[in-house]
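Peer 1: Got a predicted model here, sequence first, then my questions.
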Amino acid sequence: MPIALVVHGGAGAWAEERIRPGLEGVASAAKSGFEVLASGGTALDAVEAAVNSMEDNPVFNAGYGSTITLTGGIEMDASVMEGRDLRAGAVAMVKDAKHPVSLARQVMEKTDHVLLGAWGAEKLADLLGVERKDPRTEAAMKRWREAKALFLKGEMPRYGKIAELVRSRPEFTSIDTVGAVALDHSGDCAAATSTGGMILKFPGRIGDAPLIGSGTYADNSSGAVSATGTGEVAIRLVLAKTVCDYMKGGLKAQPATDRAIKLVNRKIPMSMGLIAVDRKGNIGAAHNTPAMCWAYIRGRMGEPEAQLRARVLSPET
């Protein structure tokens, strides 16, 4: 069985100063995950390792470096899913777990539940001795102060006008979710997604990252998917599961992600990106944003290939 791993560091308008560290970051994450696969590890272990790498990297909006809510707090979301028996775990509104995606895996393996939020997720972290870390960075706080000033002056639309916000101020919404998908030697696939959420989000807002079927999905009969972009769009279209359904219906990973982005453009034309691996090890990546920082590695490549764009399917095309 061919092995493969794909990661994304977020779809959006990547500022010039973030491009090089972003590409280096996704390449490093892909390498970390692939080393697990190459040594005989599971797809689940691989996607966790890859996402942990990005959660430790402040260039990404996940873990350390997460964005700040409207009221100045931190609320991180994450999920994992493995395709062999559809086990899944997720956390929402986590304040200070160093690796939210690992806490999501603990929900999957140590509880009878799929999703724990806020106090419950933090309580589980306490019970299991999960490592904590203040996720705020000076760069994230600087972006928050700038965005909050514009908001208070009425120069940013109030809650819900996300499409207008992305068009008018892409620099404040382009730092997005991270994710990984993998296929291992046994033919098992897995997916993981982690995010700090949308800057200036209303406290309590939960996007697609912790929602199985929306931001994350894996099934050995089809493949694995992680989404990035406007979470409300992925939720309304159950987008990750939709891509898996396309693959189960016979499409390879790339045409499946293409078709899903075209669906977004037709139904709810807002920012979205996707990565996927199908059950035969084919990979796919597509987005309708100016850029999506991503990387992949498979077979005997040796080193990952990192890119700033994949298949760009904008609403205008």
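Peer 2: Structure received. Numbering: from 1, shown residues only.
Peer 1: quick one: low-confidence parts of the stretch 1-150 of the chain?
Peer 2: Scanning the stretch 1-150 of the chain for pLDDT under 70 picks out the ranges 140-141, 144, 147-148, 150.
Peer 1: ah, wrong one, I meant the stretch 151-300 of the chain
Peer 2: Judged by pLDDT under 70, the stretches of the stretch 151-300 of the chain that qualify are 151-175, 199-200.
Peer 1: Could I get the full set of helices for it?
Peer 2: Assigned by DSSP state H, counting those that start in this stretch, the helices in the stretch 151-300 of the chain fall at 162-168, 231-237, 239-248, 253-267.
Peer 1: What are the buried residues along the last one?
Peer 2: With burial defined by 16 or more other Cβ atoms under 10 Å, the residues of helix 253-267 counted as buried are 253-261, 263-265. Quick note: C-beta positions are derived from backbone N, CA and C, even for glycine.
Peer 1: ok, the closest residue to residue 27 other than its chain neighbours to residue 24 distance?
Peer 2: Counting by Cβ to Cβ, 6 or more residues apart in numbering, residue 27 lies nearest to residue 306, which is 4.1 Å off, once chain neighbours are set aside. Taking Cβ to Cβ, to the nearest Å as the measure, residue 306 and residue 24 are separated by 7 Å.
Peer 1: Comparing those two, which shows the higher neighbour count?
Peer 2: Each of residue 306 and residue 24 has its neighbours counted (other Cβ atoms under 10 Å); residue 306 has more, 22 against 15.
Peer 1: So that one sits against residue 294, correct?
Peer 2: Yes - using Cβ atoms under 8 Å, residue 306 is in contact with residue 294, at 7.3 Å.
Peer 1: Which positions in the helix or strand residue 19 falls within come out as buried?
Peer 2: Here residue 19 sits within helix 16-38, counting by DSSP states H and E. Buried residues in helix 16-38, counted by 16+ other Cβ under 10 Å: 18, 22-23, 25-34, 36-38.
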